[in-house]
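S.K.: Give me a 3D structure for the following:
(2 chains)
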Number of protein chains: 2
Amino acid sequence: MTYCLGLRLNAGMVFVSDSRTNAGVDFISAYRKCFVFDQAEDRIIVILTAGNLAITQSVISLLEDRAEGGDPKRSLYAAPSMFEIARIVGNTLREVHAEDAESLRQHNTEFNATMIVGGQIRGRRMRMFNVYAAGNFIEAGEDTPYLQIGETKYGKPIIERVVTMDTPLVEAAKCALVSFDSTIKSNLSVAPPLDMVIVPTDSLKAQVRWRITEDDPYFLDIRRRWGEGLRSLFVNLPDPAAVVGGLDGLS
Amino acid sequence: MTYCLGLRLNAGMVFVSDSRTNAGVDFISAYRKCFVFDQAEDRIIVILTAGNLAITQSVISLLEDRAEGGDPKRSLYAAPSMFEIARIVGNTLREVHAEDAESLRQHNTEFNATMIVGGQIRGRRMRMFNVYAAGNFIEAGEDTPYLQIGETKYGKPIIERVVTMDTPLVEAAKCALVSFDSTIKSNLSVAPPLDMVIVPTDSLKAQVRWRITEDDPYFLDIRRRWGEGLRSLFVNLPDPAAVVGGLDGLS
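M.R.: So this is what the prediction gives:
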C-alpha cells in the first residue's frame, strides 16, 4: 500500500508521500513516491504516486524523458496549462496500460496506479488533480481542498476536522503529519521516510523539501503528544454510567 | 455498509451495531443488526450482522426457528459450547449460501455476510467469534480483544489506543461510542440509531440494552466534546516551522 496526500489551499500546496512498497509482506522496501518537476521562474509540478511500482516508475520515466522535448502535448514543461498537464499524465498512464495491462492480467495482477498531480504555471492559478488508472481525473476544489490516494481512510478524519481553504501552510503541514501518524499506526504497509514538499502560491518553487525519517525528533514529538493527548481527551469525556441504566456499579 | 463492534474484555462484553442499510444511495433505511438470544440463567448469545440484509436476515430467522428445537447441532440453546455455537452460525451461513449464492451471482451480486458472535454458557468462559461468509471463523484473543465487521477503518484507531483486556465496561462503552462517532462522521452509510448490549462476565444476561438515537443527549455531548477536544489538541501541537527551513514566515 501507500499513502499520499495533497492539500490545495489558498496559501499554497502541501504534498506528502510515504515511501514503503511491498510485494507481499515478505518483501518490503522503500522507494520515493514524490517527484518534483520545476523550471525556475516558469512552473512547478509535483506528482505523488500510488499503486504498482513498475507502472508508476514507467510513467514518471516517460514524463521525465519527454519533459525537455518541447511538445506541448507530451512535455510537462511545454504544456500550456495545468489541465493539459493532468491530461499528459493521464495519457501516459494509458500508454503504459496499453503496453502492460494484458501481460499483468495473464499474471492475475491488476493494473493499479493513481497519481496526485499539482502545480502552478506562471500567471495561472494553482491546480491539483487526482489522476486515476484509466487516465481520467478530478480536481480538488473549495469544498474538498485535499486529495488522497492509497490507504486513505485512517488519515482522513483529522483532515476533515481541521483543513479548510484558509488553513495556513504551517498548520497544514502539521495536520498532514498527524494524518500520516494515524495511517502509519494502523497500516503496516505505510511507513517513513516521508517526503514533504510545500509550494506557496505564486512562488513557483518548492519552498520546503523535507525528508522525514522515522526518528525525526519533531515527528516523534508530535506522534507522542498526539497519542497522549487523545488518551487524555478520551479519559476526560463524561461517563455513560450516569445516563443509562445498568451501567452503574459495573467494573 | 454497516459498522459493528464487539469488545471481549475481562469484565465482560460490549456489542454495538449501527442500523443503516442501503441498496444504493437512493434507498436508505434502518434495520436492526443486533440480535440477542438468551435463556435465563443458562446462556446468553449476541449476534451482530453485516453484509447483504436478505442473507443475514435469513440466517437469523433460521437460527431463531431452530433455537427451541433441542438439536445440539442446530440449536443455539442446546449447543454444548460457544465454539459449537459459532459452528452453527457458520453452517447456517453455508446453508443460505447453498440456497442463494448462484442466483445472486446471476444478478452480479456478491454473497456477502459476516457476523460477530459472542456469549457465555453457564460454567464456561466468555468467547467471541468473527464468522466469515464462508462459514469459517476466528476468535478474539488477549492481544486483540475486539472484533469489527463492515466499515472497520475509521473507528479502529481509538480502540487500538485505548482498549485492553483490563478496560472496565463503562470505559469500553464510551470508547465504542467514540469509535462509532468517527465512523459515522466519515462514512454516510453508517448511521444511528445504534444498539448497544453489555454482558458482564458470568452474569449470563444483557445488563444494558441501549438504543442510542441520533439526538441522544449523551451521544451528542461526547460527539461535540470529542470534536472540539481534537481540534484543540491539534492546535496545541508544536509547529514544524521551528524545525524545518523554509516554513518560517509562511502564512
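S.K.: Is chain B within reach of stretch A:1-15?
M.R.: Yes: using CB under 8 Å from any CB of the partner chain as the criterion, contacts between stretch A:1-15 and chain B involve A:11-12. Yep, even glycine has a C-beta here, placed from its N, CA and C like the rest.
S.K.: chain center to that stretch: distance?
M.R.: Chain-centre distance of stretch A:1-15: 6 Å, with CA atoms, centre = their mean, to the nearest Å.
S.K.: what do you get for stretch A:32-51?
M.R.: So, by CA atoms, centre = their mean, the centroid of stretch A:32-51 is 12 Å from its chain's centroid.
S.K.: now stretch A:63-76
M.R.: Mean C-alpha position of stretch A:63-76 versus that of the full chain (CA atoms, centre = their mean) differs by 23 Å.
S.K.: contacts for it?
M.R.: Here stretch A:63-76 makes contact (CB atoms under 8 Å, 6 or more residues apart in numbering or on different chains) with A:37, A:45, A:47, A:77-80, A:84-85, A:88-89, A:92.
S.K.: pLDDT score for A:Trp226?
M.R.: Looking at A:Trp226, its pLDDT stands at 96.
S.K.: one step back: return the members of the contacts of stretch A:63-76 classed as buried.
M.R.: Neighbour counting by 16 or more other CB atoms under 10 Å in any protein chain shown classes A:37, A:45, A:47, A:77-79, A:85, A:88-89, A:92 among the contacts of stretch A:63-76 as buried.
S.K.: From the contacts of stretch A:63-76, pick the one nearest B:Leu7.
M.R.: B:Leu7 has its nearest neighbour among these in A:Ile47, at 42.6 Å by CB to CB.
S.K.: Which neighbouring elements make contact with the strand or helix carrying that closest one?
M.R.: Taking DSSP states H and E as the definition, A:Ile47 sits inside strand A:43-51. In terms of contacts (3 or more CB pairs under 8 Å, 6 or more residues apart in numbering or on different chains; DSSP states H and E), strand A:43-51 is packed against strand A:3-9, strand A:12-17, strand A:34-39, helix A:53-67, helix A:82-106, strand A:113-121, strand A:146-150, strand A:194-200.
S.K.: ok, that strand: who's next to it in the sheet?
M.R.: In the sheet, strand A:43-51 lines up against strand A:34-39 (antiparallel), strand A:113-121 (antiparallel) (DSSP bridges).
S.K.: How about the residues of the stretch 51-200 of chain A by chain B?
M.R.: Residues of the stretch 51-200 of chain A lying near chain B (CB under 8 Å from any CB): A:153-154, A:156-158, A:160-162, A:168-171, A:173-175, A:177-178, A:182, A:185-186, A:198, A:200.
S.K.: Buried subset of the residues you listed, written for ChimeraX?
M.R.: In ChimeraX, this line selects whichever of those come out buried by 16+ other CB under 10 Å:
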select /A:153,154,156,157,158,161,162,168,169,170,171,173,174,175,177,178,182,185,186,198,200
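S.K.: Mark which of the residues of the stretch 51-200 of chain A next to chain B are part of strands, please.
M.R.: Among these, the ones falling in strands (DSSP state E) are A:198, A:200.
S.K.: Next, format the buried ones among the contacts of stretch A:63-76 as CSV and append pLDDT.
M.R.: Shown next, in CSV, are these (pLDDT from 0 to 100):
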residue, pLDDT
A:Phe37, 96
A:Ile45, 98
A:Ile47, 98
A:Tyr77, 97
A:Ala78, 97
A:Ala79, 97
A:Ile85, 98
A:Ile88, 98
A:Val89, 98
A:Thr92, 98
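S.K.: Could I get the residues you listed in TSV, plus columns for distance to B:Gln148?
M.R.: Listed next are these as TSV, based on distance: CB to CB, whole Å:
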residue	distance to B:Gln148
A:Phe37	42
A:Ile45	40
A:Ile47	35
A:Tyr77	48
A:Ala78	50
A:Ala79	45
A:Ile85	41
A:Ile88	42
A:Val89	37
A:Thr92	39
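S.K.: Return the nearest residue of the stretch 51-200 of chain A with respect to chain B.
M.R.: Relative to chain B, the nearest point of the stretch 51-200 of chain A is A:Lys153 (4.0 Å; CB to the nearest CB).
S.K.: dump the residue contacts of that residue.
M.R.: Taking CB under 8 Å, 6+ apart, we find A:Lys153 in contact with B:153-154, B:186.
S.K.: pLDDT below threshold where in chain A?
M.R.: Along chain A, segments meeting pLDDT under 70 span A:249-251.
S.K.: Quick check: beta-bridge partners of the residue nearest to A:Phe83 when sequence neighbours are not counted?
M.R.: Counting by CB to CB, 6 or more residues apart in numbering or on different chains, A:Phe83 lies nearest to A:Arg127, which is 7.0 Å off, once chain neighbours are set aside. Counting by DSSP bridges, A:Arg127 forms beta bridges with A:Gly119.
S.K.: show me the contacts for A:Arg127.
M.R.: So A:Arg127 contacts A:8, A:82-83, A:86, A:118-120, A:139 (CB under 8 Å, 6+ apart).
S.K.: just A:Leu177 next, same as before
M.R.: By CB under 8 Å, 6+ apart, the residues touching A:Leu177 are A:16, A:194, A:196, A:212, A:219, A:222, B:240.
S.K.: Would you reformat those as a markdown table and include distance to A:Leu204 and neighbour count?
M.R.: Shown next, in a markdown table, are the contacts of A:Leu177 (distance: CB to CB, whole Å; neighbours: other CB atoms under 10 Å in any protein chain shown):
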| residue | distance to A:Leu204 | neighbour count |
| --- | --- | --- |
| A:Val16 | 20 | 26 |
| A:Leu194 | 24 | 26 |
| A:Met196 | 18 | 23 |
| A:Ile212 | 24 | 20 |
| A:Phe219 | 28 | 22 |
| A:Ile222 | 30 | 20 |
| B:Pro240 | 22 | 24 |
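S.K.: From those, pick the one nearest A:Pro145.
M.R.: A:Val16 (14.7 Å).
S.K.: For the buried ones among the contacts of stretch A:63-76, which two are the farthest from each other?
M.R.: Across those (CB to CB), the longest gap, 16.5 Å, separates A:Ile47 and A:Ala78.
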